[in-house]
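Q: got a predicted structure plus its sequence, pasted below:
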Amino acid sequence: MRLDRFLSNLPCFNRKQVRLLLAERRVQVDGHTVSDPHHDVREFSRVECDGQLLQAARPARYLMLHKPKGCVSATRDPEHKTVLDLIAAPDKHQLHIAGRLDFNTTGLMLLTNDGTWSRRLTQPQTKLAKVYYVETEQDIGPHYAQIFAAGLYFAFENLTTQPAELQVLGPRTARLSIVEGRYHQVKRMFGHFDNKVLRLHREAMGPLVLDPALAPGQYRALTPDEIQQI
Ligand code: URA
C-alpha cells in the first residue's frame with residue numbers, strides 16, 4: 001500500500017496532516033526517513049512518526065521449526081503442504097519465513113512476524129553462516145573445499161559466491177557453511193562437480209542451532225536469549 005494511504009487510513013491523521021508529516025520528514029519506514037507519498041508499505045514494514053510506532057501493537061513471535069521433507073517453505077501453496085500447516089498458533093498467518101528451504105531439504109527454519117529481526121537474519125551484509133549437512137551421490141573430491149572457499153561463478157545471477165567453508169565428514173558426506181542464500185545454492189555448488197545432493201539438512205543459522213529435541217515437523221518458540229542473539 002502507498003505510504004500516504006497507509007497513514008491517512010489511520011484514525012489519527014487526515015490527508016492534509018499526512019502531506020505535512022511527509023513534507024516535514026517526520027515519518028520513518030523500517031528506520032529510514034521517507035517523504036515520498038508513493039513509498040510502498042509492505043505487510044511487515046515498520047512505520048513510525050516522530051519515533052512512535054503507528055501499527056497496532058501485536059505480540060512479537062519467533063519460532064524455530066524442524067522442517068520435514070516434502071513440504072513447501074511458503075506460507076501458501078495451492079498443491080502442497082506448507083510449513084505453516086505444521087503450526088497450530090491462531091496468529092500463524094502473520095508469520096513469515098526467514099530463509100527458505102527447498103521442498104526436500106530438512107532442518108532449521110525460523111518463522112516470525114518481526115520484519116526487522118528477520119531482515120537482520122537474511123540480509124547478505126550480515127554474512128550470517130548457514131550450516132548444512134550434505135549427502136552426495138558421488139565422492140566429494142579433495143579439491144572441492146578450495147574451490148568453495150574461492151567462490152563459484154553463478155552465470156544466472158552473474159556473481160561469484162562468497163567464500164564457503166567445507167568440512168568433509170566422509171566419502172559422500174560433508175558440512176558446508178555459506179553466508180548467502182542464493183536459489184538452490186548448495187545443490188548448485190555441488191552441481192559444479194556434477195555431484196548430485198541426495199540429502200540436505202540445515203543445522204544452524206548463525207548462533208541459532210536446530211534444537212535436537214525437535215522431531216521433523218515439530219516447533220517451539222525461541223527463548224529471549226536466542227532472539228537477542230540476532
Ligand atoms: N541450498 C539448496 O540448494 N537448497 C536448500 O534448501 C538450501 C540451500
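A: Alright, I've got the coordinates.
Q: can you give me the end-to-end span of stretch 38-55?
A: Criterion CA to CA, to the nearest Å; first-to-last residue distance in stretch 38-55 is 18 Å.
Q: cool, and stretch 28-44?
A: Counting by CA to CA, you get 14 Å between the two ends of stretch 28-44.
Q: surely Leu20 forms part of a strand?
A: No. Read with DSSP: H, G, I helix; E, B strand; the rest coil, Leu20 is helix and lies in no strand.
Q: okay, now it: neighbour count?
A: Per other CB atoms under 10 Å, the neighbour tally for Leu20 reads 11. For glycine as for every other residue, the C-beta is placed from the backbone atoms N, C-alpha and C.
Q: one more: Tyr153?
A: Counted with other CB under 10 Å, the neighbours of Tyr153 add up to 10.
Q: from the ligand, how far out is the nearest residue in space to it that is not next to it in sequence?
A: Nearest residue to Tyr153, sequence neighbours excluded (CB to CB, 6 or more residues apart in numbering): Thr160, at 5.2 Å. Relative to the ligand, Thr160 is positioned 17 Å away (CB to the nearest ligand atom, to the nearest Å).
Q: what sits against Thr160?
A: By CB atoms under 8 Å, 6 or more residues apart in numbering, the residues touching Thr160 are 151-154.
Q: buried among these? Make that a PyMOL selection.
A: In PyMOL, a selection of the buried entries from these looks like this (16 or more other CB atoms under 10 Å):
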select buried, resi 152+154
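Q: out of the contacts of Thr160, which one sits closest to Pro59?
A: Closest approach between the contacts of Thr160 and Pro59, by CB to CB: Phe154, at 39.4 Å.
Q: residues contacting that closest one?
A: Counted by CB under 8 Å, 6+ apart, Phe154 has contacts 160-161, 182, 188.
Q: one step back: quick one: pLDDT of the residue nearest to Tyr153?
A: On pLDDT, Thr160 comes in at 95.
Q: list phi and psi for it.
A: phi -110, psi 130 (degrees, to the nearest 10).
Q: which strand or helix spans the closest residue in space to Val209 that isn't next to it in sequence?
A: Of all residues not flanking Val209 in the chain, Glu203 sits nearest, at 6.6 Å (CB to CB, 6+ apart). Remark: Glu203 resides in strand 197-205, with elements defined by DSSP states H and E.
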